[in-house]
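Student: generate a structure from the sequence data that follows.
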Amino acid sequence: MREGTSFRRLKVVLAGCVSLSLLVTGCKEDVKSTLSEAEYERIAAGRETVAPDVLLVGGDTITWKDVITSPVERDGTMVTLAKHLEPVARTSTLEEFKRWARPQLEQGLMDRISNTLLYQAAKRDAGEKVDQVLEKAAQKEMRVFIQSFEGDEAKAEEALRQMGMDRKTFMEYKKRVMLTQTFVASKFPDSRPITHSELLNAYDQMKAESFLIPAMVRFRLIDIDAAKLEIADPNKDGMSQARELAKRLITRIEAGEDFAELARQYSHGHRREFDGLWNARDPDSLAQPYDVLAANAEKMQAGQIAGPIEVAGHVFIMKLEDKRPKGYEPLDKVQQQVEQRIFTERRKEAFDKLNAKIMQQATLRDTGQFVEFCLEKIHKMYNQ
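Tutor: From the prediction side, this is the model:
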């Protein structure tokens, strides 16, 4: 789904922040860099369970619907938490479902609490005029989203519905993302220059996943299948005739005849209609009996001929057109991406340190009743 990228952005921004929800119960001294004493007291006093289906966090209400419609990633697509849990809900008893789904729902609840606390602190930090700025920015994001569906508002609204949203909730979500991102960046600035060794280390960690240039080999092939030759001499088997044909063809190639034309005439391979041309993005992935050709290509230079090569009832003649070993994009070409990863990791590290301090001292009030209510609602949704 197209809006999945936006959800992933929020996930990155809040990476490592799940434990921030613990601000509501203790550890005042460790959070003063983010919240004032008065702000902390308001949050601590505001979080309580007022009904099975509602949780209050710093004066904001979190409902069971807020939690089960939170975005999660499944198979590269963003769906609601309820949709993610649906397959198990439909095929399990309530108790089985609760045992399996409780950790995921608790994680979703903590994410929602963290998001709420961050947004509250961000709004206080930004001041009264921020609402107008956010409204204009959210309207722009809405227009961009619709344009991503070539201006088709119906398709855009259907995409939002699939994510458990409508226009209003989408814009509110965007406001929270934009304001929270700005707030997070302001609370954890890191203007330290990136050292060369830091850059190299990050590049080494990223290159296999992000900057790989796979090996490539491009060759033409005359594939003589002994089983497909007509027996011209009853005293010779198919392989003997295949060897003799290969030798005659090599002589003709060395005399200047066109390899591609001979491949069209004599090859039994499935690439004969393409002048015997093979493009192997990953030579090691060639299936038998063609896998042996990659080993021969390693020893050849472009333009050279190899053969006869005998493999499993086939006799091959190969002409190497081009090859490229496995490599990586050079650092100077991807430096900006590497630097961005470093800054992201620095911010996550800052969050993790804050969370670790909070985890050491805080004790969460019981949210079990609220979690139970959410689990029962999801199971009922798909078993009515």
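Student: check which element follows the helix or strand hosting Asp66 along the chain.
Tutor: Secondary-structure assignment from DSSP states H and E places Asp66 in helix 64-68. For helix 64-68, the following helix or strand on the C-terminal side (DSSP H and E) is strand 71-74.
Student: partners of that next one, with directions?
Tutor: strand 77-80 (antiparallel) (DSSP bridges).
Student: which parts of the strand it pairs with are buried?
Tutor: Counting neighbours by 16 or more other CB atoms under 10 Å, one finds that the buried residues in strand 77-80 are 78-80. All C-beta atoms are positioned from the backbone trio N, CA, C, and that covers glycine.
Student: distance to Gly276 and pLDDT added to those, as TSV?
Tutor: Below are these laid out as TSV (distance: CB to CB, whole Å; pLDDT from 0 to 100):
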residue	distance to Gly276	pLDDT
Met78	46	71
Val79	47	76
Thr80	52	81
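Student: which among these gets closest to Leu277?
Tutor: Leu277 lies nearest to Met78 out of the buried residues of strand 77-80, by CB to CB, at 41.4 Å.
Student: okay, and the beta partners of the closest one?
Tutor: Note on Met78: beta-bridge partners Glu73, judged by DSSP bridges.
Student: low pLDDT regions in the stretch 101-250 of the chain?
Tutor: Scanning the stretch 101-250 of the chain with the threshold set as pLDDT under 70 gives 164, 187-190.
Student: got the residue ranges for the strands in it?
Tutor: Using DSSP state E, counting those that start in this stretch, the strands of the stretch 101-250 of the chain run over residues 212-213, 216-225.
Student: what residues does the last one touch?
Tutor: This means strand 216-225. Applying CB atoms under 8 Å, 6 or more residues apart in numbering, the contact partners of strand 216-225 are 242, 245-246, 249, 259-260, 262-263, 266-269, 271-272, 275-283, 290, 293-294, 297, 307, 313-324.
Student: which of these are buried?
Tutor: Buried subset of these (neighbour count, 16+ other CB under 10 Å): 242, 245-246, 249, 259, 262-263, 266-267, 269, 271-272, 275-278, 280, 283, 290, 293-294, 297, 307, 314-321, 323.
Student: quick one: which of these sit in strands?
Tutor: Secondary structure from DSSP state E places 277-278, 280, 307, 314-321, 323 of the buried ones among the contacts of strand 216-225 in strands.
Student: in CSV: those residues, plus distance to Leu212 and pLDDT.
Tutor: Putting those into CSV (distance: CB to CB, whole Å; pLDDT from 0 to 100) gives the following:
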residue, distance to Leu212, pLDDT
Leu277, 25, 90
Trp278, 21, 86
Ala280, 16, 72
Gly307, 32, 82
His314, 32, 91
Val315, 35, 93
Phe316, 29, 92
Ile317, 32, 93
Met318, 26, 92
Lys319, 28, 93
Leu320, 23, 92
Glu321, 23, 91
Lys323, 17, 87
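Student: can I get the helix holding Asp66 in CSV? Just the C-alpha atoms.
Tutor: Extracted in CSV, the C-alpha atoms of helix 64-68 (Å, rounded to 0.1, in the frame of the first residue of the first chain):
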residue,chain,number,x,y,z
TRP,A,64,-9.6,0.4,22.3
LYS,A,65,-10.2,1.4,18.7
ASP,A,66,-7.1,3.6,18.8
VAL,A,67,-5.0,0.7,19.7
ILE,A,68,-6.4,-2.0,17.4
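Student: who are the packing partners of it?
Tutor: helix 81-91, helix 94-126, helix 368-381 (3 or more CB pairs under 8 Å, 6 or more residues apart in numbering; DSSP states H and E).
Student: can you lay out these as JSON lines showing mean neighbour count and distance to Ile222?
Tutor: JSON lines is the format used below for these (neighbours: other CB atoms under 10 Å; distance: least, CB to CB, whole Å):
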{"stretch": "helix 81-91", "mean neighbour count": "18", "distance to Ile222": "52"}
{"stretch": "helix 94-126", "mean neighbour count": "19", "distance to Ile222": "57"}
{"stretch": "helix 368-381", "mean neighbour count": "18", "distance to Ile222": "62"}
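Student: a markdown table please, covering the ones you listed and showing distance to Ala137.
Tutor: Below are the helices and strands packed on helix 64-68 laid out as a markdown table (distance: least, CB to CB, whole Å):
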| stretch | distance to Ala137 |
| --- | --- |
| helix 81-91 | 27 |
| helix 94-126 | 12 |
| helix 368-381 | 31 |
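Student: sweet, I'm off.
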